[in-house]
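Undergrad: Build me a structure from this.
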Amino acid sequence: MRARAARLWASLLAPRRLIDRLAAPRGQAAALLGVMFDLDTVALAVLDREGRILRASAGLRRLVANIGASLPATALALFTPAEREALGRDFAAVLGGADLAVMARRRATMLGPTPRRVEIGCAPLREADGMVSGLILSLYDLSSVHGLEEEVSHARKLQAVGLLAGGIAHDFNNLLTAIGGAAEAATEEAASGAAIVEIESAVARGAALVRQLLAFARQQTLQPEIIALNDAVRNIAAMLTRLLGRNIVLTLDLEEPGRHVRVDPSQLDQVLVNLAINARDAMPKGGRLTLASGHLTLLAQKTIGAETIPPGRYVTLTIADTGHGIPPEQLGRIFEPFFTTKRDAGGSGLGLATVHGIVRQSGGFLIVESAPGAGTSVHIHLPRVTAPQVAAQETASPQAVPPRTTQAMAEPLREEDRATVLLVEDEAPVRHLAERALRRRGFAVRAADSAEAALALLEDGTRPDLVVSDVMMPGMDGPALLAALRCRWPDLPAILVSGYAAQDARRALAEEEAIFLAKPYTLAALAEAVTEGLKRRATA
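TA: This next block holds a predicted model:
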């Protein structure tokens, strides 16, 4: 082996110039260099002092072919004209014996119908007398790396905005609950008019905004059901027809037999309404909106557009319009929060962000195809589920209680039915209003501002008939408190309350049988939930 290496080294030190031996090698040198230059994964070129390409590896030829170009005579012609001058100076510096640091992590764009970003390496070819007779150029394709960097950066931005939206929504919901409760109490006690109605209306509008923020942040509380997708589309079609107006024709193209998905029906309606509004705005002179269902089975992971969909069975729903389409520079941004092209028309930039959040939180994927003048197609892929035989699985999940208006108040309990409610809420205004409302309806209330304080209250051994606890609190959270209480009283009924439920909290809620009440709630809804929880206990 050593002898063979010595012979190879000797052949490289033969009288011919080194650059000539690399450009047209012979003998053992040819065999060694041939291996390197025949690899299509390594993009190499031998350049003379004028920058002419004397030899190109298979990898360089493949890279050039991938961008739809042909191999030029000179290396600088590989790159965009704007970069050639700077690259030429760098090549000249290396030829002049400069430190190789001048080319450290040098990046440029290769010229062609599909340009590619590459990282350039450059090393001098020195003859026996030390003269630099040429260069070895190496190129590394950065297209996949660059795309991944952009995706990671974009994902981090969205995650940061999502966390911000979730935090704002949580605090805002506490404020809305306090305002709504105060207005409701004032209505009950003073029966004073229009100003209080306006307060309640403002609370309702704020709550709608919060639901949009939570949908984008994927932290809203969904109430999923197993539904037939075709039936859900047919049910909302009449409303969409009125929404679209006379100039737009709504067409249903639903695959039969229909298939089932597990989604929150009201949130699915919101997705379809938002997309229909966008389609209507894209067809000011009229057109056609088509809702089509189908199915897709993936045996392996597949990347479609910006989504990577894992293997599985999916039900597809396509919303296609014949509108003016979306320009390429906007297509990649349409799901960003607060990005809108309709600012003058009152667009908030949350509509499509909400759609994206609902679909992803439901376990689905969203793909958009569009081009100027060619309309837009939105493809929703939702995991397929089997048609429900029984609905028993829902009993283990937190049951949401719909809010009620002040006209539908729960009846006060009779004295003999008086029950003790343990109320745990860290927001003082919300706690005071809830305590007051429950007492007014005949419940005995023991209130605490934290889980730890609640446990301290119960050290005297008194058992509550029901616990109402916020989910997210400093220290021990609501699900942990409920678990601790049920170690002592396994059948203790519970109501868990939250402005939003993060993923860990949702998993905890799924493990505990409890009624879930979303903020902002009305005092009537709270009283109704307490009554319902006590009824369940009595039935059990």
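
Undergrad: partners of the nearest residue to Val424 once chain neighbours are set aside in the sheet?
TA: Closest residue in space to Val424, ignoring its immediate chain neighbours: Ser469 at 4.1 Å, by C-beta to C-beta, 6 or more residues apart in numbering. Every C-beta, even on glycine, is put in place using the N, C-alpha and C of the backbone. Counting by DSSP bridges, Ser469 is bridged to Val424, Leu496.

Undergrad: so Ser469 sits right up against Ile495, yeah?
TA: Yes: assessed by C-beta atoms under 8 Å, Ser469 is found in contact with Ile495 at 7.5 Å.

Undergrad: Next, count neighbours for Leu482.
TA: Leu482 is flanked by 25 other residues according to other C-beta atoms under 10 Å.

Undergrad: Quickly note the distance from it to Leu457.
TA: From Leu482 across to Leu457, the span is 15 Å (C-beta to C-beta, to the nearest Å).

Undergrad: what helices or strands is the helix or strand hosting Ala454 leaning on?
TA: If you go by DSSP states H and E, Ala454 is part of helix 451-457. Counting contacts by 3 or more C-beta pairs under 8 Å, 6 or more residues apart in numbering; DSSP states H and E, helix 451-457 is packed against strand 420-424, strand 444-448, strand 466-470, helix 478-488.

Undergrad: hang on, the earlier thing: for the residue nearest to Val424, which residues are in contact?
TA: 422-425, 451, 454, 478, 481-482, 494-497 (C-beta atoms under 8 Å, 6 or more residues apart in numbering).

Undergrad: any idea which of the residues you listed is closest to Arg384?
TA: Distance to Arg384 across the contacts of Ser469 (C-beta to C-beta) is lowest for Leu496, with 30.4 Å.

Undergrad: That closest one contacts Ala518, correct?
TA: No: using C-beta under 8 Å, Leu496 is not in contact with Ala518; the gap is 10.0 Å.

Undergrad: what number of residues lie near Arg439?
TA: 13.

Undergrad: Name all residues that make contact with the nearest residue to it once chain neighbours are set aside.
TA: In this structure, Arg439 finds its nearest non-sequential neighbour in Val445, 5.5 Å apart by C-beta to C-beta, 6+ apart. For Val445, the contact set (C-beta under 8 Å, 6+ apart) comprises 420-421, 423, 435, 438-439.

Undergrad: can you tell me which two in the residues you listed are farthest apart?
TA: Pairwise over the contacts of Val445, using C-beta to C-beta, the maximum falls at Thr420 and Glu435, 12.4 Å.

Undergrad: What distance do you get for Val385 to Gly312?
TA: Counting by C-beta to C-beta, the gap from Val385 to Gly312 is 11 Å.

Undergrad: err, Arg52, not the other one
TA: Arg52 is 54 Å from Gly312, where distance means C-beta to C-beta.

Undergrad: partners of the helix or strand containing His295, with directions?
TA: Per DSSP H and E: His295 is located in strand 287-298. Applying DSSP bridges to the sheet, strand 287-298 is found paired with strand 248-253 (parallel), strand 312-321 (antiparallel).

Undergrad: Show me which residues of the shortest one are buried.
TA: In other words, strand 248-253. Using 16 or more other C-beta atoms under 10 Å as the test for burial, strand 248-253 gives 248, 250.

Undergrad: any idea of the mean pLDDT for that strand?
TA: Averaging pLDDT along strand 248-253 gives 92.

Undergrad: Pull out the CA atoms of the helix holding Ala454 and give them to me as CSV.
TA: Extracted in CSV, the C-alpha atoms of helix 451-457 (Å, rounded to 0.1, in the frame of the first residue of the first chain):
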residue,chain,number,x,y,z
ALA,A,451,-55.2,25.8,44.5
GLU,A,452,-53.0,25.9,47.6
ALA,A,453,-55.4,28.2,49.4
ALA,A,454,-58.3,25.9,48.5
LEU,A,455,-56.6,22.9,49.9
ALA,A,456,-55.9,24.9,53.1
LEU,A,457,-59.6,25.8,53.4
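
Undergrad: hmm, who's touching it?
TA: Under the criterion C-beta under 8 Å, 6+ apart, residues 422, 424, 446, 448, 467, 469, 473, 475-478, 480-481, 484-485 lie in contact with helix 451-457.

Undergrad: Domains of the protein: list them as residue ranges, please.
TA: 2-141, 157-217, 225-389, 394-539 (automatic domain parsing).

Undergrad: ranking those by mean pLDDT, which is last?
TA: For these, where the average pLDDT is lowest is domain 157-217, sitting at a mean of 63.

Undergrad: tell me the strands in the stretch 51-200 of the chain, going along the chain?
TA: 53-56, 106-110, 116-126, 132-141 (DSSP state E, counting those that start in this stretch).

Undergrad: And those: which comes nearest Ala374?
TA: strand 116-126 (27.0 Å).

Undergrad: could you give the angle of the closest one to strand 132-141?
TA: Per axes from the mean of the first three to the mean of the last three C-alpha atoms, to 10 degrees, the angle that strand 116-126 makes with strand 132-141 is 160 degrees.

Undergrad: what's next to strand 116-126, contact-wise?
TA: 18-19, 22, 43, 46, 63, 66-67, 87, 90-91, 94-95, 97, 100, 103, 105-110, 132-143, 146.

Undergrad: circling back to that earlier point, for the residue nearest to Arg439, which residues count as its bridge partners?
TA: Residues in a beta bridge with Val445, per DSSP bridges, are Val421.

Undergrad: Would you quantify the distance from it to Thr420?
TA: Taking C-beta to C-beta as the measure, Val445 falls 8 Å from Thr420.

Undergrad: And Ala238, by the same measure?
TA: To Thr420, Ala238 is 48 Å away according to C-beta to C-beta.

Undergrad: ok, those two, which is more surrounded?
TA: Ranked by neighbour count (other C-beta under 10 Å), Ala238 and Thr420 place Thr420 first, with 14 against 10.

Undergrad: how about the nearest residue to the more buried one, chain neighbours excluded?
TA: Spatially, and ignoring its direct neighbours in sequence, Thr420 is nearest to Ala444 (4.4 Å; C-beta to C-beta, 6+ apart).

Undergrad: Make sure that neighbour is actually in contact with Leu423.
TA: No: assessed by C-beta under 8 Å, Ala444 is found out of contact with Leu423, at 10.6 Å.

Undergrad: which of those two has more neighbours?
TA: Applying other C-beta under 10 Å to Ala444 and Leu423 shows that Leu423 carries more neighbours, namely 26 against 13.

Undergrad: Contact partners for the more buried one?
TA: Applying C-beta under 8 Å, 6+ apart, the residues contacting Leu423 are 431, 434-435, 438, 445-448, 468-469.

Undergrad: Repeat the analysis, applying 6 Å as the threshold.
TA: Contact partners of Leu423, counting by C-beta atoms under 6 Å, 6 or more residues apart in numbering, are 434-435, 445, 447, 468.
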